[in-house]
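Undergrad: Provided below for reference: sequence and predicted model.
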Amino acid sequence: MEAIKSLILYRFKTLSLLVVTLTFSVTVLMIRMKLNQSFFFLFLMWNLFLALIPYTISFYLTSKENITTLYLAFGFIIWLLFLPNAPYMVTDFIHLRTGNNFHLWLDIIVILSFALSGLLLFFMSLLDMQKCIEIKFNKITIQTLTLSVIFLSGFGVYLGRFLRYNSWEIISQPQYLFKDISAILMSPLQYSEAWLFSLGFGTFLSVGFWLFKNFYRFEN
């Protein structure tokens with residue numbers, strides 16, 4: 001518990017930025033709901049909650065001292081399963097075409113604010129996990145693993161957005177999930193959209209993480 005308190009104090013500036021970002025997202029959503037008298041975008045709150053899970057896991061792992069390899073591996077797997085939920089919110093822009101044109105500019109601001117919150121949580125969580133594994137692996141391995149995680153997250157976003165899978169369905173109905181994943185891997189031409197989206201979105205996240213990481217280092 002003391003380690004978590006010390007970590008919170010050490011990261012006060014970063015956590016303050018995160019709180020401001022999340023508060024703004026929730027506030028503009030409430031304003032949108034009030035003006036439009038509609039709960040259409042309330043699902044963004046659930047998406048934001050899911051995006052907080054991987055960051056909470058990585059934040060907790062960084063607070064642990066002398067963490068065992070087995071414990072870290074278990075935490076890493078759970079973290080990886082939930083990680084795509086953070087950048088997933090970028091794809092919520094798809095809902096603009098199903099909404100009405102009343103206060104469209106506000107709808108854009110609402111979704112953009114939640115998308116930026118998701119990306120911030122994603123990038124911060126990646127940095128945390130890099131710190132957790134830096135004592136276990138060398139720099140090249142960490143960079144390779146990070147890049148793999150980013151593109152796997154892109155694939156995970158595809159599974160969630162277009163095939164409508166959730167993170168917990170790897171436990172509740174893994175047979176259907178593995179069947180679809182196998183089909184995509186074995187027939188890349190037939191599922192070209194899945195490959196193009198995963199590679200394209202993964203590249204977008206990679207560039208974003210590179211910019212965020214360098215800016216974060218500059219600020220600190």
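TA: Sure thing, it's come through. Numbers count the residues shown, from 1 in each chain.
Undergrad: residues touching the spatially most central residue of the chain, list them.
TA: The chain has residue 86 as the residue nearest its centroid, 2.0 Å off, counting by CA atoms, centre = their mean. Contacts for residue 86 (CB atoms under 8 Å, 6 or more residues apart in numbering) come out as 50-51, 54-55, 118-119, 121-122, 125, 153. Every C-beta, even on glycine, is put in place using the N, C-alpha and C of the backbone.
Undergrad: what do you get if the cut-off is 6 Å, keeping everything else the same?
TA: Counting by CB atoms under 6 Å, 6 or more residues apart in numbering, residue 86 makes contact with 51, 118, 121-122.
Undergrad: Could you point out the member of those residues that lies closest to residue 104?
TA: Nearest to residue 104 among the contacts of residue 86, counting by CB to CB, is residue 118 at 21.1 Å.
Undergrad: Quick check: which element contains the closest one?
TA: Per DSSP states H and E, residue 118 falls inside helix 104-133.
Undergrad: That helix packs against which elements?
TA: Helix 104-133 sits against helix 12-36, helix 43-63, with contacts defined as 3 or more CB pairs under 6 Å, 6 or more residues apart in numbering; DSSP states H and E.
Undergrad: Only the buried residues of the shortest one, if you could.
TA: Right, helix 43-63. Judged by neighbour count (16 or more other CB atoms under 10 Å), helix 43-63 contains these buried residues: 44, 47-48, 50-55, 57-63.
Undergrad: what about dumping the CA coordinates of that helix to CSV?
TA: Provided in CSV are the C-alpha atoms of helix 43-63 (Å, rounded to 0.1, in the frame of the first residue of the first chain):
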residue,chain,number,x,y,z
PHE,A,43,-21.9,3.7,-23.9
LEU,A,44,-18.7,5.8,-24.0
MET,A,45,-18.7,5.6,-20.2
TRP,A,46,-18.5,1.9,-20.3
ASN,A,47,-15.8,2.0,-22.9
LEU,A,48,-13.9,4.4,-20.8
PHE,A,49,-14.2,2.0,-17.8
LEU,A,50,-12.8,-0.8,-19.9
ALA,A,51,-9.9,1.4,-21.0
LEU,A,52,-9.0,2.1,-17.4
ILE,A,53,-8.6,-1.6,-16.6
PRO,A,54,-5.2,-2.2,-18.4
TYR,A,55,-3.8,1.1,-17.0
THR,A,56,-4.9,0.1,-13.5
ILE,A,57,-3.2,-3.3,-14.0
SER,A,58,0.1,-1.9,-15.3
PHE,A,59,0.1,0.9,-12.6
TYR,A,60,-0.3,-1.8,-9.9
LEU,A,61,2.4,-3.9,-11.4
THR,A,62,4.9,-1.0,-11.3
SER,A,63,4.2,-0.5,-7.6
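Undergrad: Tell me, how many residues neighbour residue 131?
TA: Number of residues near residue 131 (other CB atoms under 10 Å) recorded here: 13.
Undergrad: what's the closest non-adjacent residue to it?
TA: The shortest distance from residue 131 to any non-neighbouring residue, by CB to CB, 6 or more residues apart in numbering, is to residue 62 (5.5 Å).
Undergrad: got it, and residue 42?
TA: Spatially, and ignoring its direct neighbours in sequence, residue 42 is nearest to residue 33 (7.2 Å; CB to CB, 6+ apart).
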